[in-house]
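> My questions are about this predicted structure, shown below with the sequence.
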Amino acid sequence: MPKPSQSPPSDPNADVAALGYEEARDELVAVVARLEAGAATLEESLTLWERGEALAKRCQEWLDGARERLSAVRDTAVTPTDEES
């Protein structure tokens, strides 16, 4: 008898990719506070931990992007020469 086809589980944290930096940071702070409170069950704690990891990764993506943009601006900025002083 063939096994029923199973679709891969959907990512419960897929929505994190659409969050702005401040949204992701604020939610990450809330997740950490809930974990530190220690009132969650083991399963809830694991889910929170995974959400926190996804949020931290999203925040890092935003920070890396900002760093790259600043570097690009700095690299293209015209610096005055000694002759102009």
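Happy to help now that I have it. On a predicted model such as this, the values are computed, not experimentally measured, just so you know. Numbering: from 1, shown residues only.
> May I ask which helix or strand encompasses the residue positioned nearest the centre of the chain?
Nearest to the geometric centre of the chain sits Arg58, at 1.4 Å (Cα atoms, centre = their mean). Secondary structure from DSSP states H and E places Arg58 in helix 42-76.
> Quick check: buried residues in that helix?
Residues 48, 51-52, 54-56, 58-59 are the ones in helix 42-76 that count as buried (16 or more other Cβ atoms under 10 Å). In short, each C-beta sits where N, CA and C put it, glycine included.
> Ala18: what's it in contact with?
By Cβ atoms under 8 Å, 6 or more residues apart in numbering, the contact set of Ala18 is empty.
> Need the nearest residue in space to Tyr21, chain neighbours excluded.
Trp62 (3.9 Å; Cβ to Cβ, 6 or more residues apart in numbering).
> For the one you found, give me the pLDDT.
Per-residue pLDDT puts Trp62 at 97.
> Please apply the same query to Thr79.
Thr79 is assigned 62 on the pLDDT scale.
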